[in-house]
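Student: The following comprises the amino acid sequence and a computationally predicted model.
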Amino acid sequence: MSLPQVAPLRVLHLHSTFGPGGKERRSVDLINRFGPGVEHAVVSAEPHALGAAQFVAPRIRLDVLHDFPALAGRLSVRRLQAIAQAMQGYDLLLTYNWGAMDAVMAHALFAPRYRLAPLVHHEDGFNADEAGGLKPARNWYRRIALTRANALIVPSQRLESIALSVWGQSRSKVRRIPNGIDTRAYGARPRPDALPRVIKRKGEYWVGTLAGLRPVKNLRRLVRAMVHLPPEWQLVILGEGPEREAILAEAMALEIGHRVHLPGHVADPAHAIGLFDLFALSSDSEQFPLSVIEAMAAGLAVASPAVGDVAEIVSADNRPFISAEGDEAALANALAALASDEALRRRVGAANQVRSRAEFDAARMVERYAAVYARALERDRFP
C-alpha cells in the first residue's frame, strides 16, 4: 500500500531587493538547504534586482513573480489590499527589510479577511537614509505593521535592542539569529587568477573586501586609507553597484588608480576571498556582516569600524583593530598596523578562523531558522 503524497510547502519571499548581497545570499543558502520539499516564490521591491535567483540549486523550484503588485510606491489602502490578495495561497510568508514593509502592513490589515498564512519578518540593517539615525515615521510604521507578524528575526544585538525598545516588539516575538556560512568551504587558497580581470602577482599583498558598491558602504574611505600603505599593497573590492565610478575617481585623484581593482561580483566568495592578505570593512552602517564571517573563515585578520556587532563577531585578538565609527584615521592606522606585520596577521587570522567555525557555521544557523518557521506553521519541524 503506497502512502499518500504530501504536497510541498509553498513559501513566498518578499524582498527589498534580490540582488546578490549578504541577506540574499543567506536566503538562497537557506532555500537550498531546506531542499525540494519546499516550493518558493520570490518578489523584489526592485523588480530588476534579481541576481541572487541564479544561485538557487536546480533541484529547488523557485518562481520569480514579475506581475506581483508593487511593494514600493505611494501608500494607499487599495495598493495594500492588492498586495494582500496576491499573498493568498501560500503556507508561509517571509518578508525582508524596510523595502518589504508595505507587505507586512498589508498582512496586518487584511490577514483575517483573506486568510493569509503566518508571516515572519527579517530585518538586517539600514540603507544610507537611516545609517545616521532612525526615522521616527518609519519606527511608527514598523510598530503597526508588525502587529500580526508571527516572528521578527534579526542577526545583531543592536537590531535586537531596537526591535524591543524603539519598535515596541515583544520578547517572545523577536528572535536573534547570527548569520552563518559553510565555514569549511573557506579553507583552501585559490589560484592567483581566480578572479576576473585581476591576477595576484608575486610580491603583491591584497587588502580585500566584499561589498555592494553603494554609498552606505563608504568604499571611498577605504581607498583613502590605501594611500598610507606601501606600494606593494593593492585594494581589491568584490561587488557591483552605483558607486563604481566614484570609487575609481577617488583612486585616480589620489594617484593610486593602478592599485585599486574592482573585478565585479563574485558568485562564490569561498573561491576568491583566500587571495586576500587582509580584510577591511569601511561601512557607515552594518549589523552582522556576512563578509566579516567569510573573512574569518578564510583565516584573515579584519580591520573595520565598530559598526553593528563587528567588535563582538571577531576574535579577542582582532578587537584592537576595530576602530571607532566614523574615525577614518583610526581605520587607516589599523590597516597599516596589520599590513606591516605578517606574523600578527597570521596570528589574528588563525584566531578568527577558530571562532568562525565554533560560532558561525551555517548548520547551526539553519537549525535556528527552521525552528522559527516551524513554530509559525505550528509544526514539529520545517520543512
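Tutor: Received it, and whenever you're ready, just let me know what you need. In this text, all values refer to a predicted model and were calculated from it rather than measured experimentally.
Student: Please name every helix or strand in contact with the longest helix along the chain.
Tutor: Using DSSP state H to define each element, the chain has its longest helix at helix 342-359. Under the contact definition 3 or more Cβ pairs under 8 Å, 6 or more residues apart in numbering; DSSP states H and E, helix 342-359 sits against helix 290-297, helix 328-339. (Glycine included, C-beta is placed from N, CA and C.)
Student: now with 6 Å?
Tutor: The elements that helix 342-359 packs onto, with contact taken as 3 or more Cβ pairs under 6 Å, 6 or more residues apart in numbering; DSSP states H and E, are helix 290-297.
Student: Report how many residues lie close to Ala336.
Tutor: Neighbour count of Ala336, defined by other Cβ atoms under 10 Å: 16.
Student: Which secondary structure elements does the helix or strand that comes right after the longest helix of the chain sit against?
Tutor: Using DSSP states H and E, the helix or strand that follows helix 342-359 towards the C-terminus is helix 362-377. Applying 3+ Cβ pairs under 6 Å, 6+ apart, we find helix 362-377 packed against no helix or strand.
Student: Could I get the buried residue list for helix 362-377?
Tutor: Ala362, Met365, Val366, Tyr369, Ala370, Val372, Tyr373, Arg375, Ala376, Leu377 (16 or more other Cβ atoms under 10 Å).
Student: Now flag whichever of these is closest to Val38.
Tutor: Taking Cβ to Cβ as the measure, Val38 lies nearest Tyr373 of the buried residues of helix 362-377, at 9.5 Å.
Student: okay, that closest one: pLDDT?
Tutor: The per-residue pLDDT reported for Tyr373 equals 98.
Student: Equivalent analysis for Gln287, please.
Tutor: On the pLDDT scale, Gln287 is placed at 88.
Student: Am I right that it is in a helix?
Tutor: No. Counting by DSSP: H, G, I helix; E, B strand; the rest coil, Gln287 is not found in a helix; it is coil.
Student: what about it, neighbour count?
Tutor: Neighbour tally, Gln287, other Cβ under 10 Å: 24.
Student: Equivalent analysis for Arg113, please.
Tutor: By the criterion of other Cβ under 10 Å, Arg113 has 10 neighbours.
Student: which parts of the host helix or strand of it are buried?
Tutor: Per DSSP H and E: Arg113 is located in helix 101-114. Buried residues in helix 101-114, counted by 16+ other Cβ under 10 Å: Met101, Asp102, Ala103, Val104, Met105, Ala106, His107, Ala108, Leu109, Phe110, Ala111, Tyr114.
Student: And the closest residue to His265 other than its chain neighbours, how far from Gly19?
Tutor: Among residues not flanking His265 along the chain, Glu240 sits closest, at 4.7 Å (Cβ to Cβ, 6 or more residues apart in numbering). Between Glu240 and Gly19 the computed distance is 8 Å (Cβ to Cβ, to the nearest Å).
Student: and if you look at Lys202?
Tutor: With distances taken as Cβ to Cβ, Lys202 is found 35 Å from Gly19.
Student: out of the two, which sits in the more crowded spot?
Tutor: Between Lys202 and Gly19, counted using other Cβ under 10 Å, Gly19 has the larger neighbour count: 21 against 5.
Student: how many other residues sit next to Tyr141?
Tutor: 18.
Student: Please, which helix or strand holds it?
Tutor: In the assignment (DSSP H and E), Tyr141 maps to helix 136-145.
Student: Output the contacting helices and strands for that helix.
Tutor: helix 101-114.
Student: Now do the helix it packs on, average pLDDT.
Tutor: The predicted model assigns helix 101-114 a mean pLDDT of 98.
Student: again with stretch 40-51
Tutor: Averaged across stretch 40-51, the pLDDT comes to 95.
Student: contact partners of that stretch?
Tutor: Residues from elsewhere that reach stretch 40-51 (Cβ atoms under 6 Å, 6 or more residues apart in numbering): 11-20, 31, 62-65, 68, 71-72, 99.
Student: now, which of these lie within strands?
Tutor: Under the assignment DSSP state E, the contacts of stretch 40-51 contribute Val11, Leu12, His13, Leu14, His15, Leu62, Asp63, Val64 to strands.
Student: Pull up the per-residue confidence for Phe126.
Tutor: 83.
Student: same thing with the one 4 residues further on?
Tutor: With respect to pLDDT, Glu130 scores 80.
Student: please renumber so the chain begins at 29
Tutor: All set: I'll call the first residue 29, so the last point we hit is now Glu158.
Student: Tell me the spacing between the residue lying closest to it once chain neighbours are set aside and Trp126.
Tutor: Excluding the flanking residues, the one nearest Glu158 by Cβ to Cβ, 6+ apart is Arg166, at 7.2 Å. According to Cβ to Cβ, Arg166 and Trp126 sit 7 Å apart.
Student: Who has more neighbours out of these two?
Tutor: Trp126 (20 against 17).
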